[in-house]
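Enquirer: no sequence for this one, just the structure:
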Ligand SMILES: N[C@H](CCC[C@H](N)C(=O)O)C(=O)O
């Protein structure tokens, strides 16, 4: 099969975006892993598959696969690229796009400046729903790793996140500690691990070790989870500039309906074909 795709990124978090509306796409986890290989394949952090919706009230269905081939529930940077992709491919002309994901629905709004705002919905803090093993819900938890205790927040944005406060993002042990927390036994479905340095109540620096990938240049759901964690600890304002290695996002945790909004760029790199 000759597969058409578009290579895109959101602040350097890069994607292979495939139109599953006009193409009949069936990929195995092994094929996804091969496509994700940065030497033998296209190379990406995630593969995004656009499909017709199952829910008649939605415009599209959005499936997300990490570079290791695992299918996951949500991708924030990918959602912004999704919005630009479906408009570029004339699959819609709307600037308000309702998208069904495997864990809830999201709404994408494309501004006149082509910046995309995604309503990521409400964060999930109930341990069982994250999922995270804990006796009761708490703002932070003590996580023991090799005899040392680390204080984390545990939050789901549809996908599970651990968030730690650090004094200096640049020197944070993202690889070493991120890898261990990602597969900690208290996260039965693993998790994404954010290292957040608070600059001031309206600005943070963040690095994220992503589940199924490793450290990425940006993580949209990670930025949302970090702002929720900071707000819960009384350290951040409702709207925060989150600066990641690949660039900055604006995140708002809206008081009135508890929705988390994310605004940022989406970039098309090239169109491609690949035979699989
Ligand atoms: N690695 C994540 C999925 C992609 C999230 C990230 N790329 C974003 O922008 O939210 C997970 O396994 O839950």
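Expert: Thanks, I have the structure now. Keep in mind that what you see is a predicted model, and the values were worked out from it rather than measured.

Enquirer: wait, does stretch 209-223 make contact with the ligand?
Expert: Yes. Stretch 209-223 lies within reach of the ligand by CB under 6 Å from any ligand atom, at 210, 211, 212, 213, 216, 219, 220, 221. (Each C-beta comes from the backbone N, C-alpha and C, glycine too.)

Enquirer: surely the second one meets residue 162?
Expert: Okay, so that is residue 211. No. If you go by CB atoms under 8 Å, residue 211 and residue 162 don't touch, sitting 10.0 Å apart.

Enquirer: what about those two, which has more around it?
Expert: residue 162 (30 against 23; other CB atoms under 10 Å).

Enquirer: Next, show the common contact partners of residue 211 and residue 162.
Expert: Residues within reach of residue 211 and of residue 162 at once, by CB atoms under 8 Å, 6 or more residues apart in numbering, are 191, 192.

Enquirer: buried stuff in the lowest-mean-pLDDT helix or strand in the chain?
Expert: Of all helical and strand segments in the chain, the minimum by mean pLDDT, DSSP states H and E falls on strand 104-110, at a mean of 93. Neighbour counts over strand 104-110 (16 or more other CB atoms under 10 Å) mark 105, 106, 107, 108, 109, 110 as buried.

Enquirer: could those residues be laid out in JSON lines, adding distance to residue 33?
Expert: Formatted as JSON lines, the buried residues of strand 104-110 follow (distance: CB to CB, whole Å):
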{"residue": "105", "distance to residue 33": "28"}
{"residue": "106", "distance to residue 33": "26"}
{"residue": "107", "distance to residue 33": "31"}
{"residue": "108", "distance to residue 33": "28"}
{"residue": "109", "distance to residue 33": "33"}
{"residue": "110", "distance to residue 33": "32"}
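
Enquirer: a markdown table for the residues you listed, including distance to the ligand?
Expert: Formatted as a markdown table, those follow (distance: CB to the nearest ligand atom, whole Å):
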| residue | distance to the ligand |
| --- | --- |
| 105 | 16 |
| 106 | 11 |
| 107 | 16 |
| 108 | 13 |
| 109 | 17 |
| 110 | 17 |
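
Enquirer: re the thing from before, sheet partners, orientation included, of the least confident helix or strand of the chain?
Expert: Counting by DSSP bridges, the strands paired with strand 104-110 are strand 96-101 (antiparallel), strand 116-119 (antiparallel).

Enquirer: ok, whichever helix or strand comes after the last one: who's next to it in the sheet?
Expert: Read that as strand 116-119. Using DSSP states H and E, the helix or strand that follows strand 116-119 in sequence is strand 141-145. Paired neighbours of strand 141-145 in the sheet (DSSP bridges): strand 148-156 (antiparallel).

Enquirer: so residue 90 is in which element?
Expert: Using DSSP H and E, residue 90 falls outside every helix and strand.

Enquirer: pLDDT score for it?
Expert: Residue 90 is assigned 94 on the pLDDT scale.

Enquirer: Thank you, goodbye.
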